[in-house]
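K.L.:
Here you go, sequence then predicted model.
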Amino acid sequence: MEIYLIRHAESMGNISRTIQGCQDVVLTEKGKKQAALLGEYLADVSFDYLYSSDLIRAKDTVKAVEKYQDTQAQIIPFVREINLGPLQGKDRRMIYEMYPQVREKSILQSGIEGTETEEEITERCRRFYELLRAIKNKETAAVVSHGGFLTIFLMYLLAGEEWNKLHRPFLIHNTGISKLSWRDNRLTIHYINQYPHLMTKKTDHVNV
């Protein structure tokens, strides 16, 4: 099996540099172009399954991929972005002023009341892993999700339920693709955060 993990295209929250979390934020015009280029780039890959977060920035991104495929996207809420509760809609300066203790932590793992707990995130990673492992040999799937959740899921693949005890080094750009596969229960990570579709002359400054 082959799995393509994809971050959504640029959203209004990305350009305002606010922490979006589970807030529903639309794509920018640049983001719509990024999504279109992503769909074109993946047109030669025949996906047996397409999955998307239930947040609009992910759903609008997967629609651009779906355009070139014979399968329709399934919406799965457990791959949505991390719920950051009272931190959502604020930039980092505002967060650090209101919650100075967060400076020493990852915003995704702040422990602030009202944010998603590490236990809840782990359970979502477990469900996502089970979904992917149910995909059969020779089948291919693409999942459009979010930077925070995808970087945590990559850590979950490497460290299991101990993911939260390790430094998370991954960075995924808008429409960045990470490719995984399993063979005989052995995981292979082919690449992380590739975006060749944004590096062509056609982008007209759509690149990251």
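P.N.:
Received, thanks.
K.L.:
make it CA atoms for all contacts and neighbour counts henceforth
P.N.:
OK.
K.L.:
What is the burial count for residue 100?
P.N.:
Close neighbours of residue 100, defined as other CA atoms under 10 Å, add up to 12.
K.L.:
go on, residue 80?
P.N.:
Residues near residue 80, counting by other CA under 10 Å, number 23.
K.L.:
can you map out the helices along the protein?
P.N.:
Assigned by DSSP state H, the helices in the chain fall at 12-16, 29-41, 56-66, 92-98, 118-133, 147-159.
K.L.:
Kindly export the longest one (C-alpha atoms) in CSV.
P.N.:
In other words, helix 118-133. Extracted C-alpha coordinates of helix 118-133, given in CSV (Å, rounded to 0.1, in the frame of the first residue of the first chain):
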residue,chain,number,x,y,z
GLU,A,118,-2.3,14.4,24.8
GLU,A,119,-4.5,11.3,25.6
GLU,A,120,-7.2,12.5,23.2
ILE,A,121,-4.6,13.2,20.5
THR,A,122,-3.1,9.8,21.0
GLU,A,123,-6.5,8.1,20.6
ARG,A,124,-7.1,10.0,17.3
CYS,A,125,-3.6,8.9,16.1
ARG,A,126,-4.5,5.3,17.0
ARG,A,127,-7.8,5.5,15.0
PHE,A,128,-6.0,7.0,12.0
TYR,A,129,-3.3,4.3,12.1
GLU,A,130,-6.0,1.6,12.2
LEU,A,131,-7.7,3.1,9.2
LEU,A,132,-4.5,3.2,7.2
ARG,A,133,-3.4,-0.3,8.1
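K.L.:
Any regions of this protein where pLDDT drops low?
P.N.:
201-208 (pLDDT under 70).
K.L.:
now the nearest residue to residue 146 once chain neighbours are set aside, which residues is it bridged with?
P.N.:
Using CA to CA, 6 or more residues apart in numbering and skipping the chain neighbours, the partner closest in space to residue 146 is residue 7 (4.9 Å). Note on residue 7: beta-bridge partners residue 145, judged by DSSP bridges.
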